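Colleague: sequence isn't available, so here's the structure alone:
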């Protein structure tokens, strides 16, 4: 991690749990004065105490290091409110159903904010029998390419990994599909609403950019 646990974070979580310094100290087998030193910035918990401290406060180790106390408000598991995180180092794609603290390759990953489509990033959907054939009008060079296309479903999601010098296209089963996201390695995440809604067996939906 690129920062250590802060005393302000310890104090904020402890008080939100309605826990006294004495009660927290007892859980960690340290003195009240030690907790006070941590919370006022006159000392730091030893690395061996980080896991017991996070357990005592009821948060993850990553939350302690990040300085942010995360509460997931998406308890209904609405897939349209899911979050996507992409590691800029290894390309790992991590999906969460709500607010979360996500780390990869030693760095914290913010949730991506999807942009609306523009002239340079434009997704087309063709309905062929029981599948959507999805293409993105975008170059696929080694320097600039679409990394993945993701279909949001009623009860989950499907992701298709793409590679430079390949085709920016994928196939998804129609059943339960609500929308699509796709990721450009230079410009980030895009949200597409190009879903055919009529009944013909073959229908093309390419929404023009605003």
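Modeller: It's in. Just so it is clear, the model here is predicted, and its values are computed rather than measured.
Colleague: strands of this structure, start to end?
Modeller: Ranges of strands within the chain are 83-86, 93-96, 102-104, 107-109, 115-116, 123-128, 131-136, 146-153, 157-161, 169-173, 177-184, 188-192, 202-206, based on DSSP state E.
Colleague: the shortest one pairs with which strands, and in what direction?
Modeller: When you say that, I think you mean strand 115-116. Its sheet considered, strand 115-116 pairs with strand 188-192 (parallel) by DSSP bridges.
Colleague: list of residues touching the strand it pairs with?
Modeller: The contact list for strand 188-192, computed with C-beta atoms under 8 Å, 6 or more residues apart in numbering, reads 84, 86, 112-117, 121, 123, 125, 179-184, 207. All C-beta atoms are positioned from the backbone trio N, CA, C, and that covers glycine.
Colleague: mind naming the longest helix for the chain?
Modeller: helix 7-16 (DSSP state H).
Colleague: could you pull out the buried residues of that one?
Modeller: Buried residues in helix 7-16, defined by neighbour count with 16 or more other C-beta atoms under 10 Å: 7, 9-11, 13-14.
Colleague: please parse this protein into its domains.
Modeller: 7-66, 79-109, 115-206 (automatic domain parsing).
Colleague: could you dump these into TSV and include mean pLDDT?
Modeller: Formatted as TSV, the domains of the chain follow (pLDDT from 0 to 100):
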stretch	mean pLDDT
domain 7-66	89
domain 79-109	83
domain 115-206	86
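Colleague: picking up where we left off before, now the buried residues of helix 7-16 as CSV including distance to residue 108?
Modeller: Output for the buried residues of helix 7-16, formatted as CSV (distance: C-beta to C-beta, whole Å):
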residue, distance to residue 108
7, 19
9, 14
10, 18
11, 21
13, 17
14, 22
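Colleague: circling back: got the contact list for the longest helix of the chain?
Modeller: The contact list for helix 7-16, computed with C-beta under 8 Å, 6+ apart, reads 20-21, 24, 35, 38-41, 44-45, 53, 57-59, 64, 67, 69.
Colleague: please indicate which of the residues you listed are buried?
Modeller: 21, 24, 35, 38-39, 45, 53, 57, 59, 64, 69.
Colleague: and of the buried residues of helix 7-16, the nearest to residue 140?
Modeller: Nearest to residue 140, judged by C-beta to C-beta, of those is residue 9 at 43.1 Å.
Colleague: ok, that closest one to residue 142 distance?
Modeller: Per C-beta to C-beta, to the nearest Å, residue 9 is found 41 Å from residue 142.
Colleague: contacts only, for the residue nearest to residue 159 when sequence neighbours are not counted.
Modeller: Of all residues not flanking residue 159 in the chain, residue 150 sits nearest, at 4.6 Å (C-beta to C-beta, 6 or more residues apart in numbering). Residues near residue 150 by C-beta under 8 Å, 6+ apart: 84, 95, 157-160, 180-183.
Colleague: possible to save those residues as a markdown table with distance to residue 138 and neighbour count?
Modeller: Below are the contacts of residue 150 laid out as a markdown table (distance: C-beta to C-beta, whole Å; neighbours: other C-beta atoms under 10 Å):
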| residue | distance to residue 138 | neighbour count |
| --- | --- | --- |
| 84 | 18 | 21 |
| 95 | 22 | 16 |
| 157 | 21 | 19 |
| 158 | 20 | 16 |
| 159 | 17 | 16 |
| 160 | 14 | 14 |
| 180 | 14 | 24 |
| 181 | 14 | 21 |
| 182 | 8 | 25 |
| 183 | 11 | 22 |
